[in-house]
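Asker: next one to model:
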Amino acid sequence: MKSAGVVNFSSEPHSVEVREVDRPVAGDDDVIIQVEAASVCGSDLHQWEGSNSWPVNYPVVLGHEFGGHVFELGKNVTAWKEGDRVVSETAAVVDMSSPMSRQGLYNLDPNRKGFGYGVNGAMTRYVKVPQRLLHKIPENVSFDHASMTEPCSVAYSATIAPGHVRPGDRIVILGPGPIGVLSAAMARMAGAEVALVGLERDRTRLEVAKKYGCEVIIGDVKDWAMAVDGLGADGVVDAAGVSATLKIALDVVRPNGWISKVGWGPQPFNFSLDPLVQKNVRLEGSFSHNWPMWERVLRMLSTKQLDLTPVLGGTFPIEQWETAFAKMHSGEFIKSVIKPA
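Answerer: Coordinates of the predicted model:
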């Protein structure tokens, strides 16, 4: 059986189109998910533009943020049943015997391959998922919101999981893309004052952040960061996706503060890292997420601590995937969701 899928077939810009793809066959420890909603990620946009800095196994079905029903079970799967409402983590292929995986940090396994670039993703009707990746969707959480569990987990990993954010902190978030806005929401829930920083073209997305109680700043955040005692912000989350924003982060963070870099930026640095040393600043990379982060985010969605209504711009049938991508690319939407049915 075949179904329509959004396929990235080459590294050339705009090498994405709808193609007929085969329904996958479940291995012994896999389930087949009937996809009900697939959220568009910035990395999907990068592959669409041909600007990605990671290897891709072409051709590949895009999409790693998704939720749906369990459709088929592998013979070793006993914890799930057909019809269960589930979301899936993204680490489609990992070596569970590697040193990182044995610590529970399978997201950092060097052999990791994710949906949508390493193996076929979920912008199609059916996707094969190892059972170890599944989480139950709470009954009061819609598929549209559940499909955004993954970027929420990325934001949780970058902001809350390191344990640095405290009530009363002043936190700067650089970059008002999906991860930046969600990181701002996470820091607000942890009790921090938050300034989300963007450019004039980001005004629409910055307005969304106001709904989470954030200060929004277009341009220079230095005055806000220094307002209390002239030393700077307690922490900075760099979610901008350009290497130059790290220089801004080093400028506005206070001595003994921290910087969490979650945005990808392949450009080389052209500035000194001496302020990192001089200020005794902790600089941490943040990549992906793991089991407990997903469980906490799903609980936050279920209890309404985290409301994703402000970030969901619209839903689109799979035939309108390009419109869904374009509205995010232009900044009109923070998140688009594709409905494969």
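Asker: residue ranges with poor pLDDT in this structure?
Answerer: The chain contains no residues with pLDDT under 70.
Asker: tell me the centre residue of it?
Answerer: Central residue of the chain (CA atoms, centre = their mean): P151, 2.7 Å from the mean position.
Asker: quick check: closest non-adjacent residue to that residue.
Answerer: The shortest distance from P151 to any non-neighbouring residue, by CB to CB, 6 or more residues apart in numbering, is to P178 (5.2 Å). The C-beta positions use only the backbone N, C-alpha and C, and glycine is treated the same way.
Asker: over to Y106?
Answerer: The spatially closest residue to Y106, leaving aside those adjacent along the chain, is V94, at 4.6 Å (CB to CB, 6+ apart).
Asker: is it correct that the one you found is in contact with G114?
Answerer: No - judged on CB atoms under 8 Å, V94 makes no contact with G114 at a distance of 9.6 Å.
Asker: excluding its backbone neighbours, what's nearest N52?
Answerer: Spatially, and ignoring its direct neighbours in sequence, N52 is nearest to H46 (4.3 Å; CB to CB, 6+ apart).
Asker: list the contacts of the host helix or strand of that neighbour.
Answerer: H46 is located in helix 42-49, with elements delineated by DSSP states H and E. Applying CB atoms under 8 Å, 6 or more residues apart in numbering, the contact partners of helix 42-49 are 8, 13-14, 16, 52-54, 56, 62-64, 116-117, 123, 177-179, 241, 325, 328-329.
Asker: ok, now stretch 243-250?
Answerer: Contacts for stretch 243-250 (CB under 8 Å, 6+ apart): 172, 174-175, 221, 236, 238, 259, 261, 263, 265-269, 271, 273, 275-276, 279, 281.
Asker: again, 6 Å this time
Answerer: L174, V236, D238, I259, G265, Q267, F269, F271, P275 (CB atoms under 6 Å, 6 or more residues apart in numbering).
Asker: please apply the same query to stretch 109-128.
Answerer: The contact list for stretch 109-128 (CB under 6 Å, 6+ apart) reads 3, 5-6, 21, 23-24, 30, 32-35, 38, 56-57, 60-64, 66, 90-95, 98, 100-101, 338, 340.
Asker: returning to that earlier point: how far does the helix holding H46 sit from the chain's center?
Answerer: 13 Å (CA atoms, centre = their mean, to the nearest Å).
Asker: quick one: the helices in the stretch 1-150 of the chain, in order.
Answerer: 42-49, 99-102, 143-146, 149-159 (DSSP state H, counting those that start in this stretch).
Asker: residues in contact with I318?
Answerer: For I318, the contact set (CB under 6 Å, 6+ apart) comprises A4, I338, P340.
Asker: okay, those residues in a markdown table with neighbour count and distance to G230 next?
Answerer: A markdown table is the format used below for the contacts of I318 (neighbours: other CB atoms under 10 Å; distance: CB to CB, whole Å):
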| residue | neighbour count | distance to G230 |
| --- | --- | --- |
| A4 | 17 | 57 |
| I338 | 29 | 47 |
| P340 | 24 | 53 |
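Asker: just these: which are in strands?
Answerer: In strands, judged by DSSP state E, the following of the contacts of I318 are found: A4, I338.
Asker: separation between the residue located most distally from the centre of the chain and P255?
Answerer: Farthest-out residue of the chain from its mean C-alpha position, per CA atoms, centre = their mean: D229, at 33.6 Å. Separation of D229 from P255 (CB to CB, to the nearest Å) stands at 11 Å.
Asker: do the same with G191
Answerer: From G191 across to P255, the span is 22 Å (CB to CB).
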